[in-house]
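S.K.: Here is a sequence with its predicted model. Questions after.
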Amino acid sequence: MKLNKLLLSSLCVALPMLAMSSNAFAQRVTLKLAHNLEQSHVVHQALAQMAKEVKEKSNGELNIRIYPSGQMGGPRETIELIQNDALDMTKASASEMESFVKEFSVFSSPYLFDNDEHFKKVLFGEVGKEIADKTKSSGFDILASYVAGTRSFYTKKPINSPADMKGLKIRVVSTPTTNKLIELLGGSPAPIPFGEVYTALQQGVIDGAENNIPSYNQTRHVEVAKFYIEDQHTSVPDYLIISSKTWAKLDDNQRKILQEAATNSEALQQKLWDAEVEKSRAEAEKVGATFITVDKTPFREALKPLYDDFAKDPNLATLIEKIKTVSSK
Ligand code: GCU
């Protein structure tokens with residue numbers, strides 16, 4: 001009897017302690033995610049929502065700390081940090097991925113997509129998956145893809161046709177494809193990091209740049225390059241990537257929670273994007289931007305030789321063909 005009582009009382013102490021210790025020792029993981037967009041950008045908002053969802057669903061066991069606004073450098077640097085095990089996750093555009101995995105260059109092909117629907121069918125369909133799967137040998141995996149509208153030129157002086165671009169220095173996310181794109185239009189490409197474009201425009205180091213309307217507005221480039229030329233030469237998506245080593249270290253439940261939250265962030269980002277384009281356009285106009293509608297035909301014609309380059313590489317040529325056959329209806 002006495003022994004039973006003793007046993008019971010010691011169990012009463014031991015059981016809660018056991019429960020406590022399993023909580024206390026549960027593996028808490030914090031993943032670092034760095035990117036170069038502003039906190040007002042819809043991709044950042046989608047990532048913040050993902051971090052919140054991951055924390056809630058894992059009961060605080062899995063956390064994501066976000067470092068926005070290029071605090072850890074641009075995508076090239078953050079991808080290298082991932083490859084050196086110093087960072088877990090980052091966001092990079094297809095152009096920025098091109099130097100690691102050449103298949104991403106197809107997104108820099110001018111006028112490849114018939115419209116937004118076509119682009120989304122490719123990005124979120126089989127072809128998009130085929131391209132995304134190619135990163136594995138570079139040490140990272142793709143968790144989510146984000147739409148980023150169309151990229152157009154913006155300059156200090158009005159442009160109405162490719163002829164007006166002759167001799168202009170235009171900032172690009174520098175890759176063989178984007179550099180050639182500018183050269184074909186008679187300009188010279190300038191490989192300036194995203195975060196330094198404002199000063200370069202302000203000081204006249206460059207005459208223009210190219211981007212989608214939200215980035216044109218949020219970076220305040222609009223203040224120093226008033227003309228936005230709606231030539232819409234490319235549609236370049238953004239990607240959320242994670243170090244393959246980090247992914248392998250997570251347990252099955254953590255991986256499931258993270259993948260689900262990343263997929264949900266894709267849907268949220270798409271939902272927010274179109275409204276953001278309209279809002280950014282209105283804000284840019286308010287501070288003096290002029291949006292110029294141009295005939296795209298001469299731009300399309302001038303850029304055709306880029307396709308000859310793609311045709312020389314059988315892998316890229318096949319991918320381009322596959323993209324063209326994805327129905328936009
Ligand atoms: C867009 C894109 C970014 C990219 C940037 C750039 O804003 O969303 O991922 O870094 O363009 O031109 O550098």
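M.R.: Great, that's in hand. Numbering: from 1, shown residues only.
S.K.: My guess is Val101 contacts Ala132. True?
M.R.: No. Checked against C-beta atoms under 8 Å, the pair Val101 and Ala132 is beyond contact range at 9.4 Å. In short, each C-beta sits where N, CA and C put it, glycine included.
S.K.: Look at those two and report which has more neighbours.
M.R.: Neighbour count, other C-beta atoms under 10 Å: between Val101 and Ala132, Ala132 has more, with 22 against 18.
S.K.: Give me the distance between the helix or strand in which the more buried one is found and the centre of its chain.
M.R.: Assigning secondary structure by DSSP states H and E places Ala132 in helix 126-132. Taking the mean C-alpha point of helix 126-132 and that of its whole chain, the gap between them comes to 15 Å (C-alpha atoms, centre = their mean, to the nearest Å).
S.K.: and if you look at stretch 131-149?
M.R.: 10 Å.
S.K.: Just the endpoints, please. Distance across it?
M.R.: 19 Å (C-alpha to C-alpha, to the nearest Å).
S.K.: quick revisit: if you count contacts, what does the helix or strand just after the helix holding Ala132 end up packed against?
M.R.: Past helix 126-132, heading to the C-terminal end, the next element that is a helix or strand (DSSP H and E) is strand 140-146. Using 3 or more C-beta pairs under 8 Å, 6 or more residues apart in numbering; DSSP states H and E as the contact criterion, the elements in contact with strand 140-146 are helix 42-57, helix 75-83, helix 126-132, strand 238-243, helix 244-249, helix 252-286.
S.K.: Can you classify Ser152 by secondary structure?
M.R.: strand (DSSP: H, G, I helix; E, B strand; the rest coil).
S.K.: Report the mean confidence score over stretch 119-135.
M.R.: The average pLDDT within stretch 119-135 is 97.
S.K.: I meant stretch 71-86, not that one.
M.R.: 96.
S.K.: what does that stretch rub up against?
M.R.: The set of residues external to stretch 71-86 that reach it, using C-beta atoms under 8 Å, 6 or more residues apart in numbering, is 34-36, 87-93, 96-97, 99-100, 138-140, 193-195, 241-243, 245.
S.K.: Would you mind measuring from Lys57 to Leu31?
M.R.: Lys57 sits 14 Å away from Leu31 when distances are taken as C-beta to C-beta, to the nearest Å.
S.K.: so how far is Val294 from Arg300?
M.R.: In this structure, Arg300 and Val294 are 11 Å apart, going by C-beta to C-beta.
S.K.: Compare these two and say which is more crowded by neighbours.
M.R.: Between Arg300 and Val294, Val294 has the larger neighbour count (other C-beta under 10 Å), namely 19 against 14.
S.K.: returning to what we had before: list the buried residues of the helix holding Ala132.
M.R.: If you call a residue buried by 16 or more other C-beta atoms under 10 Å, then helix 126-132 has these buried ones: Val127, Gly128, Ile131, Ala132.
S.K.: would you turn those residues into CSV with distance to Gln269?
M.R.: Compiled in CSV, the buried residues of helix 126-132 are given as follows (distance: C-beta to C-beta, whole Å):
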residue, distance to Gln269
Val127, 20
Gly128, 15
Ile131, 19
Ala132, 16
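S.K.: Looking at those residues, spot the one nearest Lys120.
M.R.: Distance ranking of the buried residues of helix 126-132 against Lys120, using C-beta to C-beta, places Gly128 first at 9.0 Å.
S.K.: Pretty sure the closest one sits against Ser145.
M.R.: Yes. The pair formed by Gly128 and Ser145 meets the contact definition of C-beta under 8 Å, at 6.3 Å.
S.K.: so where is this structure shaky, pLDDT-wise?
M.R.: Judged against pLDDT under 70, the low-scoring parts of the chain cover residues 1-26, 328-329.
S.K.: Dig out what the most centrally placed residue in it forms beta bridges with.
M.R.: What sits nearest the mean C-alpha location of the chain, by C-alpha atoms, centre = their mean, is Asp238, with 2.2 Å. Here Asp238 sits in beta bridges with Ser93, Tyr146, going by DSSP bridges.
S.K.: how close does it get to Ser188?
M.R.: Computed as C-beta to C-beta, the Asp238 to Ser188 distance reads 26 Å.
S.K.: So which bits of the stretch 101-250 of the chain are right by the ligand?
M.R.: Taking C-beta under 6 Å from any ligand atom as the measure of proximity, the stretch 101-250 of the chain contacts the ligand at Ala148, Val173, Phe194, Asn211, Ser215, Asp238.
S.K.: Can you tell me the closest non-neighbouring residue to the fourth one?
M.R.: So the one you mean is Asn211. Arg151 (5.6 Å; C-beta to C-beta, 6 or more residues apart in numbering).
S.K.: Cheers, nothing more for now.
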